[in-house]
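**Q** Here's a sequence, model it:
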Amino acid sequence: MLISDFNYSLPEELIAQEPLSDRAASRLLHLNRAAEGVSDEKFRDFPGLLRAGDLVVFNNTRVFPARLYGRRGGVKAQPLSAKNPAARDFLRGRIEVLLTRQVSSEPNEWECLVRPGRKIGAGEHLFFGEHDELQAEVVARGSFGERRIRFAAVPDFFAAVESIGHIPLPPYIDRPDAPADRERYQTIYAREKGSVAAPTAGLHFTPGILARMKERDIETAEVTLHVGLGTFQPVREERVEEHKLHRESYSISPGAAAAINRALDSGRRWWR
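**A** So this is what the prediction gives:
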């Protein structure tokens, strides 16, 4: 299957840059196989499309502010001409790091994306926060802008990230993040911190929708899948089958596994 088979025109003005204040007001396209037709609905209509006994599985991962802005030390810079003193400031200029996966906790190493990628090689020192709350060294270089960095020890690494980090918005959102995005780009049932992007299909649920599902005897279960680098990486292969997905960590509790198996064994519908 070719990637070009999925090409279609999407005008930029039709890509919303701000979320709706009412999560449930988002549009929902309903495919009715029995009637062989589609209809435009609102997400608040979702409970009415379910049947009693259906199982809906939620991903309870929580996004952490994985985008860090900082500066580089320029320790791996090439020799500069005395006639171009401004170049030194450029080599120590602003950088952007997107943490995608913790490789180890001791030492605290992460896989990440960096910008500008070409200027940040192994051995480079990175500084984050107004007072250099976090410091790191690039220890390995990967492809497509990927790096492995090692952070210097701090009393509470994740507290520092929460303080100085930014929520990574979806790639199609062309604006800086705002303080309100920290909660708006979380699902209302997000609990397990570890994602670098929200599982966007779940952003439309509200307490009212969950209450209606319960009233209709819809069973629910929760699993954890931490969204990683793959959500930001474009497909570079011509054929879909040749695209390699990045690994993502997940966990399924015994209770959730039992609920899913019961639904499968009894032939009930389940949604994820």
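
**Q** quick one: buried residues of the longest strand that the chain contains?
**A** When the chain is parsed with DSSP state E, its longest strand is strand 94-105. By 16 or more other C-beta atoms under 10 Å, the buried positions in strand 94-105 come out as I95, V97, L98, L99, T100, R101, Q102. Where you see a C-beta, it was placed from the backbone N, CA and C, and this is true even at glycine.

**Q** Summarise which helices and strands it is packed against.
**A** strand 67-72, strand 108-115, strand 125-128 (3 or more C-beta pairs under 8 Å, 6 or more residues apart in numbering; DSSP states H and E).

**Q** and the last one, which strands flank it?
**A** According to DSSP bridges, the neighbouring strands of strand 125-128, each with its direction, are strand 67-72 (antiparallel), strand 134-141 (antiparallel).

**Q** nearest to T187, of these?
**A** T187 lies closest to strand 67-72 among these, at 19.1 Å (C-beta to C-beta).

**Q** circling back: can you lay out the helices and strands packed on strand 94-105 as TSV showing mean pLDDT and distance to G53?
**A** Output for the helices and strands packed on strand 94-105, formatted as TSV (pLDDT from 0 to 100; distance: least, C-beta to C-beta, whole Å):
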stretch	mean pLDDT	distance to G53
strand 67-72	94	42
strand 108-115	92	42
strand 125-128	95	50
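
**Q** Determine which of the ones you listed approaches A24 most closely.
**A** Of all these, strand 67-72 sits nearest to A24, with 28.1 Å by C-beta to C-beta.

**Q** What score does K83 have for pLDDT?
**A** We have a pLDDT of 57 for K83.

**Q** Could you do the one 5 residues further on as well?
**A** Model confidence at R88, expressed as pLDDT, equals 48.

**Q** Repeat that for R92.
**A** As predicted, R92 sits at a pLDDT of 54.

**Q** How about V75?
**A** Confidence at V75, expressed as pLDDT, is 63.

**Q** After the strand or helix carrying A211, which helix or strand is next?
**A** Counting by DSSP states H and E, the element that carries A211 is helix 207-215. Downstream of helix 207-215, the first helix or strand assigned by DSSP H and E is strand 219-225.

**Q** Run me through the strand neighbours of the helix or strand just after that following strand, direction for each.
**A** Once the chain leaves strand 219-225, the next helix or strand it forms, by DSSP H and E, is strand 250-251. Strand 250-251 sits in its sheet next to strand 219-225 (antiparallel), going by DSSP bridges.

**Q** show me what contacts P155?
**A** With contact set as C-beta atoms under 8 Å, 6 or more residues apart in numbering, P155 has no partners.

**Q** State which helix of this protein is the longest.
**A** Assignment by DSSP state H gives helix 254-266 as the longest helix of the chain.

**Q** helices or strands up against that helix?
**A** Packing partners of helix 254-266 (3+ C-beta pairs under 8 Å, 6+ apart): strand 55-59, strand 219-225, strand 270-271.

**Q** Deepest-packed of those strands, please.
**A** Mean neighbour count (mean count of other C-beta atoms under 10 Å) peaks for strand 55-59 among the helices and strands packed on helix 254-266, with a mean of 20.

**Q** gap between that one and the chain center?
**A** 19 Å (C-alpha atoms, centre = their mean, to the nearest Å).

**Q** now the angle between helix 207-215 and that strand, please.
**A** Strand 55-59 and helix 207-215 are oriented at 150 degrees to each other (axes from the mean of the first three to the mean of the last three C-alpha atoms, to 10 degrees).

**Q** Neighbouring strands - and their directions - for the next helix or strand after strand 55-59?
**A** Downstream of strand 55-59, the next assigned helix or strand under DSSP H and E is strand 61-63. In the sheet, strand 61-63 lines up against strand 192-195 (parallel) (DSSP bridges).

**Q** if we look at the partner strand, which residues are touching it?
**A** Contacts for strand 192-195 (C-beta under 8 Å, 6+ apart): N60, T61, R62, V63, F64, F158, T224, H226, V227, G228, S249, S251.
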